[in-house]
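Visitor: sharing a model that was predicted from the sequence below.
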Amino acid sequence: MKELISAEKISKRIKAIARKINRDYKGKQPIFIGVLNGSFILIADLVRELKVDCEIDFIKLSSYGDEKISSGEVKLLKELNCQIKGRDIVLIEDIVDTGLSVSYLRKLILKEKPASLRFVTLLYKKDICKIDFEIDYIGFEIENEFVIGYGLDFAQKYRNLKAVYVLQE
Ligand code: 5GP
């Protein structure tokens with residue numbers, strides 16, 4: 001594996017995103033929704049940099065399994081426990097690849113009539129993502145490569161790595 005983004009760079013970027021969220025949500029009490037499993041490290045690091053009052057919940061979607069390519073199908077494996085209606089929602093993704101998952105989640109959440117909905121992702125594959133809405137807080141734009149570490153797995157391994165790596169053949 002080859003290091004793509006160091007732990008230091010990730011940490012600096014998350015602090016910058018947290019500063020922006022602190023400004024944008026001053027006086028509000030957003031609900032941060034982490035998309036399992038990949039976002040568990042990002043959400044833990046991000047919320048500890050926040051000064052706004054926040055609530056945290058998790059939702060779980062089907063993963064790639066042991067593959068490196070999306071099946072093109074999204075399944076809900078764990079539902080939300082919180083009330084969305086009238087609340088400011090911030091959805092936290094580890095990576096936006098084709099954008100299928102984030103589009104699915106956007107529809108799901110908008111049905112519940114939140115006051116607002118924004119998206120955070122650590123990594124964004126700009127060249128293959130096909131969405132018609134904005135990702136509000138992006139950590140890093142990356143090329144179309146399969147990455148692991150900092151929450152991201154391959155066949156459930158490598159999530160614990162502190163940096164992000166490209167998994168080479
Ligand atoms: P999308 O629906 O945007 O195609 O993919 C979203 C999900 O696919 C992510 O939350 C993540 O679980 C998985 N995924 C997409 N690209 C990668 C990648 O490069 N590495 C890993 N480990 N997972 C990925």
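Guide: That came through fine.
Visitor: how about the residues of this structure by the ligand?
Guide: For the chain, the contact set with the ligand under C-beta under 6 Å from any ligand atom comprises 35, 38, 63-64, 70, 93-102, 146-148, 152-154. The C-beta positions use only the backbone N, C-alpha and C, and glycine is treated the same way.
Visitor: now the strands for the chain?
Guide: Along the chain, counting by DSSP state E, strands occupy 2-5, 31-36, 55-61, 76-78, 88-96, 116-125, 137-142, 147-148, 164-166.
Visitor: one step back: any of the residues of the chain next to the ligand buried? List them.
Guide: Neighbour-count burial (16 or more other C-beta atoms under 10 Å) is assigned, among those, to 35, 38, 63, 93-97, 99-102, 146-148, 152-154.
Visitor: how much space separates Gly86 from the ligand?
Guide: When distance is defined by C-beta to the nearest ligand atom, to the nearest Å, Gly86 is 27 Å away from the ligand.
Visitor: ok, that residue - how many residues close by?
Guide: A count of nearby residues for Gly86, using other C-beta atoms under 10 Å, gives 10.
Visitor: and what of Phe119?
Guide: Phe119 has 22 nearby residues by other C-beta under 10 Å.
Visitor: for it, what are its contacts?
Guide: Val90, Leu91, Glu93, Val96, Val102, Arg106, Glu134, Ile135, Asp136, Tyr137 (C-beta atoms under 8 Å, 6 or more residues apart in numbering).
Visitor: my read: the second one touches Ser116, true?
Guide: No - distance between Leu91 and Ser116: 11.2 Å, which falls outside the contact criterion (C-beta atoms under 8 Å).
Visitor: need the helix or strand of this structure with the lowest average pLDDT.
Guide: Taking mean pLDDT, DSSP states H and E as the measure, the helix or strand of the chain with the lowest value is strand 76-78, at a mean of 85.
Visitor: thinking again about what came up before, which of the contacts of Phe119 are buried?
Guide: Judged by neighbour count, with 16+ other C-beta under 10 Å as the criterion, the buried members of the contacts of Phe119 are Val90, Leu91, Glu93, Val96, Val102, Arg106, Ile135, Asp136, Tyr137.
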